[in-house]
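Engineer: Just need the structure, nothing else, for what follows:
(chains A, B, C and D)
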Protein chains: 2
Amino acid sequence: MRIGELSERSGTPVPTIKYYLREGLLPRGERTGPNQAHYGDEHLHRLRLVRALTDVGGLPIATTREILARVDSPEPPITHELLGHAMHVLPPATKGGSTADAEDHERVRALSERRGWQIHPEGRPSADLAEVIATYRRAGHLLDDDALDGYAATMEQAARVDLDVIGRVTGTDEILESAVVYTVLGDTLMAVLRRLAQANESARRSGAAPQDG
Amino acid sequence: MRIGELSERSGTPVPTIKYYLREGLLPRGERTGPNQAHYGDEHLHRLRLVRALTDVGGLPIATTREILARVDSPEPPITHELLGHAMHVLPPATKGGSTADAEDHERVRALSERRGWQIHPEGRPSADLAEVIATYRRAGHLLDDDALDGYAATMEQAARVDLDVIGRVTGTDEILESAVVYTVLGDTLMAVLRRLAQANESARRSGAAPQDG
DNA sequence: CTCTTTGGATACTTAAACTATCCACTATGG
DNA sequence: CCATAGTGGATAGTTTAAGTATCCAAAGAG
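Structural biologist: All right, here's what the predicted structure looks like:
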């Protein structure tokens, strides 16, 4: 197909597709003449993936490009390292520079120990967690160990579902892309489901009619 | 205190504080002269809240202003309606307009029924969920009912922790702000904890050493 | 054979979130 | 008491991200 059909089938304006081509988010089509190129289904799939990660996952274009480059790289995707790969490239959870103090980091370490987590205590996710804990503290809203443990237990359950879902994917080409999609879109999915579950739990506890949530 | 001290104590540049004043995210200080004003601890607290919601929660300035206006409004915050209030003002989970089809909406309805959720099936959160499901589908990555049920069960647990934490807050002034903080920062907290739990679960299943996650 | 579309390069636009400048003051330290 | 730095507020400028728009010669379609 040519760019017009690609545009129509993906719902993306032609100038935007050209922009993605310039930015390297979408590979060039197969040239068939000085001003003609041919795009295949893989281009359509990639374009939909880009829109999913940016529109719903909320990733910036630059980050999306890096993730896709990694997905395209022919490194052997060992299952155990998949999520590490995905995480390497995901943007940090916070904007400002490191503002967590020693106590915040200690709370992360203690949490990992309580949960028996086999994680790298110096890794970016650990630092991100310390940062979020510091933010709660500075905003004057306590996040005590009970709450932290409760959320940690919850996310252990989510991670088991994640690994189950990704484990069901077959095909070495698709598995890395799946890990990225389920991780990135998963964040949005969690947020949305959490709103619904909050509305339900709130209604349940008060014994009232459902809210507008 | 004056603006300089407010800047120093919050780590926010003076021009940025002036910008927040202009934008109505921070109330004006108490005027004591033609070019002098006095700020109190409540201004410092509000400023830290703004930075928490924008830097860590990732909210745009305009949304933050709306949320804060709602937090400031003297409407009686009935516990049952708190989260509804928070949700009313939170930004939609997706960027593009509604692209979910009837089947996506039907899956949301069926999920609610399976889980016995007391929710508004026409509300924004329900529509957002349909949108996310549609995105998975279009990106070519199945999100089957098993996975959806698994994540829903997980978020039910998260919502119980949410309500427990918010229920522990006392003081009618603080409770609405708490609901907002725990909901907004909670999204980021969930995402970060999920990365850690994924790394742990991945290491546990493969029986290998912890990854860089 | 005319009229639209294409691929590609370059230039322009829009929005968000700050930053900088200016000005008439006010506070302050020597 | 006076130089100097800081202040509140208005207005203007900057930066970055994510597109749009324009232009061109060369296909393609009816």
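
Engineer: Make sure A:L189 is actually in contact with B:T154.
Structural biologist: No: counting by Cβ atoms under 8 Å, B:T154 is not a contact partner of A:L189; they are 10.4 Å apart. Where you see a C-beta, it was placed from the backbone N, CA and C, and this is true even at glycine.

Engineer: burial measure for A:L25, as a count.
Structural biologist: Using other Cβ atoms under 10 Å in any protein chain shown, A:L25 has 22 other residues around it.

Engineer: A strand includes it, no?
Structural biologist: No: assignment of A:L25 by DSSP: H, G, I helix; E, B strand; the rest coil gives coil, placing it outside any strand.

Engineer: dump the residue contacts of it.
Structural biologist: A:46, A:50, A:61, A:64-65, A:68 (Cβ atoms under 8 Å, 6 or more residues apart in numbering or on different chains).

Engineer: contacts with chain B among the residues you listed, please.
Structural biologist: Among the contacts of A:L25, proximity to chain B is found for none (Cβ under 8 Å from any Cβ of the partner chain).

Engineer: Tabulate the residues you listed in a markdown table, adding columns for pLDDT.
Structural biologist: Listed next are the contacts of A:L25 as a markdown table, based on pLDDT from 0 to 100:
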| residue | pLDDT |
| --- | --- |
| A:R46 | 98 |
| A:V50 | 98 |
| A:I61 | 97 |
| A:T64 | 96 |
| A:R65 | 96 |
| A:L68 | 93 |
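
Engineer: can you pick the most crowded of those?
Structural biologist: Most surrounded of those: other Cβ under 10 Å gives A:V50, at 25 neighbours.

Engineer: I'd say that residue and A:R65 touch.
Structural biologist: No: contact criterion Cβ under 8 Å: A:V50 and A:R65 do not qualify, at 9.1 Å.

Engineer: And the pLDDT for A:L82?
Structural biologist: You'll see A:L82 listed with a pLDDT of 63.

Engineer: same deal with A:V169?
Structural biologist: 87.

Engineer: burial count for it?
Structural biologist: Neighbours of A:V169 (other Cβ under 10 Å): 17.

Engineer: Check A:P13 too.
Structural biologist: 10.

Engineer: For it, which non-adjacent residue is closest in space?
Structural biologist: Spatial nearest neighbour of A:P13, chain neighbours left out: A:S7 (6.3 Å); criterion: Cβ to Cβ, 6 or more residues apart in numbering or on different chains.

Engineer: For A:Y136, see how far away the one you found is.
Structural biologist: 45 Å (Cβ to Cβ, to the nearest Å).

Engineer: and if you look at A:T32?
Structural biologist: 57 Å.

Engineer: Please apply the same query to A:A179.
Structural biologist: 29 Å.

Engineer: The two - which one has more neighbours?
Structural biologist: Just comparing A:A179 and A:Y136: by other Cβ under 10 Å the higher neighbour count belongs to A:A179, 27 against 22.

Engineer: would you say the more buried one is within a helix?
Structural biologist: Yes: with three-state DSSP as the criterion, A:A179 is part of a helix.

Engineer: Okay, it and DNA strand C: tell me how far apart.
Structural biologist: The gap separating A:A179 from DNA strand C is 30 Å, by Cβ to the nearest atom of the strand, to the nearest Å.

Engineer: How about chain A: which residue is closest to DNA strand C?
Structural biologist: Per Cβ to the nearest atom of the strand, A:G4 is where chain A lies closest to DNA strand C, at 2.2 Å.

Engineer: and that residue, what is it in contact with?
Structural biologist: If you count contacts by Cβ under 8 Å, 6+ apart, then A:G4 has A:V14 around it.

Engineer: Give me the pLDDT value at it.
Structural biologist: On the pLDDT scale, A:G4 gets 98.

Engineer: Near A:D145, how many residues? Count them for me, please.
Structural biologist: What A:D145 shows, counting by other Cβ under 10 Å, is a neighbour count of 12.

Engineer: coming back round to it: tell me the one of the contacts of A:L25 nearest DNA strand D?
Structural biologist: Distances from DNA strand D to the contacts of A:L25, taken by Cβ to the nearest atom of the strand, are shortest for A:I61, at 3.3 Å.

Engineer: Next up, the contacts around the residue most central in space within chain A.
Structural biologist: Compute the mean C-alpha point of chain A, and by Cα atoms, centre = their mean the closest residue is A:V184, 1.8 Å away. Counting by Cβ under 8 Å, 6+ apart, A:V184 touches A:53, A:57, A:59, A:67, A:86, A:90.

Engineer: Among those, show me the least confident.
Structural biologist: Note: of the contacts of A:V184, the lowest pLDDT belongs to A:A86, at 65.

Engineer: Tell me which stretches of chain A form strands.
Structural biologist: Along chain A, counting by DSSP state E, strands occupy A:30-33, A:36-38.

Engineer: Let me know which of the ones you listed is tucked in deepest.
Structural biologist: With neighbours defined as mean count of other Cβ atoms under 10 Å in any protein chain shown, the strands of chain A peak in mean count at strand A:36-38, which reaches a mean of 13.

Engineer: That strand and DNA strand D, any residue contact?
Structural biologist: Yes: using Cβ under 7 Å from any atom of the strand, strand A:36-38 reaches DNA strand D at A:Q36.
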